[in-house]
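**Q** dropping the sequence and predicted coords here.
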Amino acid sequence: MSKTNYGGQAVIEGVMMMGKDKVGIAVRRSPDDIVIEERELKPLDKRFSFLKWPFIRGVVSLFRTLIIGLKALNFSAEQVMEEEGEEIKPLELALSMLLAFSFAILLFVVLPAGIIHFIQGYIDNNIILNLFEGIIKITTFLGYLFIISRFNDIKRVFRYHGAEHKVIFNYESGQELSVKNARKFTTFHPRCGTNFLFIVILLSIFFFSFFGRPPLLQRILYHIMLLPVIAGTSYEIIKLSGKDSVNPFIKLIATPGLWVQRLTTAEPDDSMLEVAILALKTVLPNDERDEENE
């Protein structure tokens, strides 16, 4: 039986898993209370087949994951705070996405471009300038992850991130889904979103090397306009890196992202693995779910 490539993300005291047609969220409210939410997934690519085309599907997947992820985080926050809040409203969701996107653009586009703008008068070699800009982006990315990983609440989220990866590996191995089996696997997964973000940064260094030394505003606009191209290409690389047989070049590009997961994942305890297993079982097809419950 062929296995679907499932994926998800850590949320506050829980895990969200995404399948073909469903999203499952499991959140631990107390040592003896785990709430499970099952939501129907209606992807646009089922109605518009061109959205499944290579490179386009990566951009679609990125925005879909952002929307689902924000909703899952909102749900988990409500459960942990024991509030019966309303579902996040479309306007609030749009504003949250806009704020997150603006912060990412400011940190990883405007800041590096601004620094390059001030030093390019002293460096004539475009290759050196682009490499320096790439170093700034990578350093900023790693620095940001390192700083947030120092906060206790984020540390727990990263442990749930590790639980998500272990349970996905457990499922993909064909072994019975259990805490005992999941515990054996690594927390580093090639299809992780951390890998995706790091590959985006690496590819941006390559793509932007063809644009010479434009003025600051123009440089920033080029970065923003090329983001869909870079995101789509990064998605295809992530898909290829998750296959059983990986091209050496693809493996080379994807490997640094696995190293970065040392910052974004941590070893979970058994209670976290239990939550991740429940989230995954929620999105499994009925026949596989019954098989796992036997």
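**A** That came in fine, so what should we check first? Numbers count the residues shown, from 1 in each chain.

**Q** surely residue 26 is within a helix?
**A** No. Read with DSSP: H, G, I helix; E, B strand; the rest coil, residue 26 is strand and lies in no helix.

**Q** which residues touch it?
**A** Going by Cβ atoms under 8 Å, 6 or more residues apart in numbering, residue 26 touches 14, 15, 34, 35, 36, 37, 275, 276, 278, 279, 282. From N, CA and C alone the C-beta is placed, and that goes for glycine too.

**Q** ok, now with 6 Å
**A** Going by Cβ atoms under 6 Å, 6 or more residues apart in numbering, residue 26 touches 14, 15, 34, 36, 275, 278, 279.

**Q** tell me the bridge partners for it.
**A** For residue 26, the beta-bridge partners are residue 15, residue 36 (DSSP bridges).

**Q** and it, what pLDDT?
**A** Residue 26 carries a pLDDT value of 97.

**Q** ok, now residue 104?
**A** Looking at residue 104, its pLDDT stands at 86.

**Q** that one belongs to a strand, doesn't it?
**A** No. Remark: residue 104 does not belong to a strand; assigned using three-state DSSP, it is helix.

**Q** ok, it to residue 137 distance?
**A** The gap separating residue 104 from residue 137 is 11 Å, by Cβ to Cβ, to the nearest Å.

**Q** looking at the two, which is more packed in?
**A** residue 137 (22 against 13; other Cβ atoms under 10 Å).

**Q** touching, that one and residue 200? I think so.
**A** No. Applying Cβ atoms under 6 Å as the test, residue 137 and residue 200 come out as separate, 9.4 Å apart.

**Q** give me the common contacts of the two.
**A** By Cβ under 6 Å, 6+ apart, residue 137 and residue 200 have no common neighbours.

**Q** got a pLDDT number for the spatially most central residue of the chain?
**A** Of all residues in the chain, the one closest to the mean position by Cα atoms, centre = their mean is residue 193, 2.5 Å from it. Here the pLDDT value assigned to residue 193 is 89.

**Q** leaving out sequence neighbours, find the closest residue to it.
**A** Closest residue to residue 193 apart from its sequence neighbours, by Cβ to Cβ, 6 or more residues apart in numbering: residue 9 at 6.8 Å.
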